[in-house]
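*Asks:* Test case, fold it:
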Amino acid sequence: MSEIIQEIFTDQIDDPANAMRGEIDRDKLFELADDIKQNGLINPIMVRPRFIHKQGCGNPNFIDEPCGFSNCETRYEVVAGHRRLSACKIAGIIKLNCVVRELSDEQAFAIMTAENLAREDVPLLDECRHYKTAMERFGKSIKEIAGAARRSVGYIESRLAIAEMPDYMQNHLQSGDLKLGAALALFPITDESRRRLWVEMAVRDGVSVAQAEFWLHGWKVNQLPGGSDSTDPPGDFVAGETAPVMFECAIDGKKYDARLFKVVMISEINLPIFYAFVREYIKPVEKIDEQKL
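*Replies:* Model prediction:
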């Protein structure tokens, strides 16, 4: 991987073909431009050469190889320092000292990923789409992406899931109105009308991840034979309040906060004793249906 320091006209340097950031904050960009005017560019940008072949040069298909023909043009693509380049152009800087490396698309992509993730202000959706591009364009596995990005496999899986979410979920995540855990819990629901209803309820009322997982669990159960389904919100749902996850107690048939439940191990051969105890406990208030226990 050869590398040289070279002074290059800024109008010869192009933006990255696959920029990680969708948009750059203009206010911060102008602040950076003012800083560069006063102090100069402290850290040089990194670029790679791109050879533009024109008609008649004899090598129109070899876009990454210099051909020596005078009517062909050498340009450069920024690999690291996209914001700095944009700020330099705003500051009116004509020439820059650049680190020039000959890089493949995959190498340039890896360097761009490392540089951007070193910062903390990369928008969530830009990061998610970046990982998706790595898989689609370069055939990278989730494990390989996790290694390159220095993130866990679970972290990359969650970001790839976000990249596949419908626009309304992505927009709510970007704005911070929808919790990431709640979005990941609701995303597997394939009934779009149901999922959208619960997403809007989660945004409106700030439901917890546990509540979203409870909705997902209920939806999965209702997909089983004999299950019932409804797109109406729960009857006791109160707007503006975070509803706790409620389970029905097998003893008295009442619903309680799920956090109050304890696991009790009962052998199958002793279930008749358990049912007899329940019947005796609630007698004569109501009759327990053993098939629901």
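*Asks:* switch to C-alpha atoms for all contacts and neighbour counts from now on
*Replies:* Noted.
*Asks:* Buried ones in stretch 172-179, by neighbour count?
*Replies:* Using 16 or more other CA atoms under 10 Å as the test for burial, stretch 172-179 gives His172, Leu173, Gln174, Asp177, Leu178, Lys179.
*Asks:* wait, is the second one part of a strand?
*Replies:* Which is Leu173. No. Under DSSP: H, G, I helix; E, B strand; the rest coil, Leu173 sits outside any strand and is assigned helix.
*Asks:* tell me the contacts of it?
*Replies:* Lys179, Leu180, Ala183 (CA atoms under 8 Å, 6 or more residues apart in numbering).
*Asks:* What's the separation between the second one and Val207?
*Replies:* Looking back up the chat, that one is Leu180. 11 Å (CA to CA, to the nearest Å).
*Asks:* Out of those two, name the residue with the larger neighbour count.
*Replies:* Val207 (21 against 18; other CA atoms under 10 Å).
*Asks:* And the more buried one, how close does it get to Leu271?
*Replies:* 36 Å.
*Asks:* Then Ile36?
*Replies:* 76 Å.
*Asks:* And Leu184, by the same measure?
*Replies:* Taking CA to CA, one finds Leu184 at 37 Å from Leu271.
*Asks:* Who has more neighbours out of those two?
*Replies:* Leu184 (19 against 13).
*Asks:* Contacts only, for that one.
*Replies:* Leu184 makes contact with Ser158, Ala161, Ile162, according to CA under 8 Å, 6+ apart.
*Asks:* Looking at those, which one is closest to Pro16?
*Replies:* Ile162 (23.5 Å; CA to CA).
*Asks:* What helices and strands are in contact with the helix or strand encompassing that closest one?
*Replies:* Using DSSP states H and E, Ile162 falls within helix 153-164. Here helix 153-164 touches helix 124-138, helix 142-149, helix 180-186, going by 3 or more CA pairs under 8 Å, 6 or more residues apart in numbering; DSSP states H and E.
*Asks:* And those helices: which comes nearest Lys220?
*Replies:* helix 180-186 (11.2 Å).
*Asks:* And the closest one, how far out from the chain middle?
*Replies:* Relative to its parent chain, helix 180-186 has a centroid offset of 11 Å by CA atoms, centre = their mean, to the nearest Å.
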